[in-house]
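Student: structure for this input, please:
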Amino acid sequence: MSGRRTEEPPRTRAWVSEPETPDRSIVEATGRHWEEWVDLIDAGPGREAGHTAIAAWVQSEHGLGGWWGQGVVVGYERITGIRAPGQMPDGTFSISRSKILDLPADGLRDAIVDDATRSLLVPGYQTALRSRPGSKAPRFSLADASGEPLGAILVTLDPAPKDRVRVTVTHEKLPSAEAGAAWKEHWGGWLDGLDEAFRALRR
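Tutor: Residues are numbered from 1 along each chain as shown. Sure thing, here's the model as predicted:
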């Protein structure tokens, strides 16, 4: 998109919330500013069309699919208030917390996959593995002691400097932004205590 000015133009409308991708990045990738994308989509399928229809229109009319196509639609939904921060296309919410820990990635993954050790790492809740045992990113369902569903958990383990591991917990299928905020705080505390909890398994 050479020659295109990347300075953000004056906003012609109030933005309900900020898109995750800044204006400079979106114009460099797509050739259009956020204000332009909002005008185009409003004049095209419109705000009532729904996520899937808008994404299909962005691809068919503007040749923008894949990651950037989805990014344009999500950003549009954030700006116009169709989608709240952290909200998924199905209306549920998702949050993530991460922390770098001095733990063995393979050993931690094995402990999360195993039903017995997972129950010790996530005490007070019912969990059920939803991913294949060999998956690099274990996924499990979460429920309270009575069996009431509390969403789905994805744990990703990525290499970090000095032979450490970055543990990221993503909690999906949450009913509201308020629930997301509460669980984000919960998983932050869980990550703070994970080192000690994991080492206790090996004593």
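Student: what does the longest helix anywhere in the chain contact?
Tutor: Longest helix in the chain, counting residues (DSSP state H): helix 177-201. The contact list for helix 177-201, computed with CB atoms under 8 Å, 6 or more residues apart in numbering, reads 84-87, 93-99, 101-103, 107-108, 111, 117, 120-122, 151, 167, 169, 171, 174. Backbone N, C-alpha and C define where each C-beta goes, glycine included.
Student: now a PyMOL select for only the buried ones of the residues you listed.
Tutor: Selection of buried members from the contacts of helix 177-201 for PyMOL, criterion 16 or more other CB atoms under 10 Å:
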select buried, resi 86+87+93+94+95+97+98+99+101+103+108+111+117+121+122+151+167+169+171+174
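Student: just to revisit the earlier point, show me what counts as buried in the longest helix of the chain.
Tutor: 179-180, 183-184, 187, 190-191, 194, 198.
Student: over to stretch 160-173?
Tutor: Buried residues in stretch 160-173 (16+ other CB under 10 Å): 160, 164-165, 167-173.
Student: again with stretch 144-161
Tutor: Per 16+ other CB under 10 Å, stretch 144-161 contains these buried residues: 150-157, 160.
Student: looking at those, which are in strands?
Tutor: 150-157, 160 (DSSP state E).
Student: okay, the residues you listed in JSON lines with distance to residue 20 next?
Tutor: Below are these laid out as JSON lines (distance: CB to CB, whole Å):
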{"residue": "150", "distance to residue 20": "25"}
{"residue": "151", "distance to residue 20": "21"}
{"residue": "152", "distance to residue 20": "21"}
{"residue": "153", "distance to residue 20": "22"}
{"residue": "154", "distance to residue 20": "18"}
{"residue": "155", "distance to residue 20": "22"}
{"residue": "156", "distance to residue 20": "18"}
{"residue": "157", "distance to residue 20": "23"}
{"residue": "160", "distance to residue 20": "23"}
